[in-house]
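Engineer: let me see the structure of the following:
(one chain, ligands or ions: 2)
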Amino acid sequence: MPEADLEVLRHRLHQSRDVVVLTGAGISAESGVPTFRGPDGLWRQYRAVDLATPQAFQRDPRLVWEFYQWRRQLLAPLQPNPAHRALAALEQRCPRFTLITQNIDGLHALAGSRRIIELHGNIWHLRCTGCGQVREDRRLDLPPLPACQTCGALLRPHVVWFGETLDPAVLAAAYAAVAACDLMLVIGTSGLVQPAASLGYLAKQRGAFVAEINLEPTPQSDLYDLSLLGKAGDLVPRLLPAAR
Ligand code: BV8
Ligand code: ZN
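Structural biologist: Numbers count the residues shown, from 1 in each chain. Ligands and ions are numbered 1, 2, ... in the order given. Next comes the predicted model:
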């Protein structure tokens, strides 16, 4: 019965001094971004788990770049949805608010969120495999094998691939935010990819109230204090105080 649960969450959001939100592909689904496991999921069409790896890039950089160019072109016209915008509004209302996202689509920043931790990087950032330089590049007509302007080496998407460790500083910031929060929302994630999937558990361990908003139950649902089933675009805006 989401309305009663939403009322509990609105109350807790009003009381909490330190809120953390973790999002996954489900929060961008209503913007038209394919999720990983949905019926039109990326992993069905492209077996992303095979392509989003350093081995695949080593073996066939042209194919991996084709995969990311396709996703960049698909993402370019898409806009944040009411769930992204509601989180940006919530950030303004909470004393301390940290948004941790597994998504690389950049839609949270586009919606106005400020304190964002991008656990798995950002598809609009390219990193040089030679000199390590990272720069934003939104061109949709990149050559098949983009080269660094500074040193000429091959560029790669500045994202975390499967089998790659997350940036230690990024992970430390996420753990610190989770350890300090008194309320955590986990929105639109299947909770299968580590270490992101452990963040809700860590919050629980540290005594936070943890609520999940997702279309379907996840391996963590029973662990959390609340598990609301429904669309993020419908439920997340209802976390804000009812418009007077
Ligand atoms: C690491 C960036 C240490 C790239 C991503 C074997 C070999 C090597 C590694 C492993 C292994 N076994 C396990 C591992 C660890 C691995 C892992 O967890 N694998 C999984 C597949 C089991 N993790 C890693 O490799 C991580 N690094 O652990 O380093 C290490 C090193 C070596 C060996 C071991 C460990 C790095 C993981 C980061 C990978 N990069 N993204 C890119 O995107 O191209 S992960 C990518 O997939 C996303 O970022 C996200 O994290 C994940 C997808 O998950 P979700 O976001 O949850 O999306 P999904 O589609 O699954 O679910 C959407 C949910 O939303 C669904 O539940 C759906 O019901 C719901 N939904 C849909 N619509 C809506 C909705 N909800 C609400 N409203 C809606 N409208
Ligand atoms: Zn370079």
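Engineer: contacts, neighbours, all on C-alpha from now
Structural biologist: Fine.
Engineer: G230 - how many residues pack around it?
Structural biologist: G230 has 15 neighbours, counted by other CA atoms under 10 Å.
Engineer: that one contacts I213, doesn't it?
Structural biologist: Yes: counting by CA atoms under 8 Å, G230 touches I213, with 6.8 Å between them.
Engineer: in this protein, where's the longest strand?
Structural biologist: If you go by DSSP state E, the chain has its longest strand at strand 121-128.
Engineer: which strands and helices sit next to the helix or strand following it?
Structural biologist: Along the chain past strand 121-128, the next helix or strand (assigned with DSSP states H and E) turns out to be strand 134-136. Identification of packing neighbours for strand 134-136 by 3 or more CA pairs under 8 Å, 6 or more residues apart in numbering; DSSP states H and E yields strand 121-128.
Engineer: show me which residues of the chain are close to ligand 2?
Structural biologist: Taking CA under 5 Å from the ion as the criterion, the chain approaches ligand 2 at residues C128, G130, C131, C148, C151.
Engineer: near ligand 1, which residues of the chain show up?
Structural biologist: Residues of the chain lying near ligand 1 by CA under 6 Å from any ligand atom: 24-27, 29-30, 35-38, 52, 102-103, 120, 159-165, 188-195, 214-216, 230-232.
Engineer: partner strands of the longest strand of the chain, with direction?
Structural biologist: Paired neighbours of strand 121-128 in the sheet (DSSP bridges): strand 134-136 (antiparallel), strand 155-159 (antiparallel).
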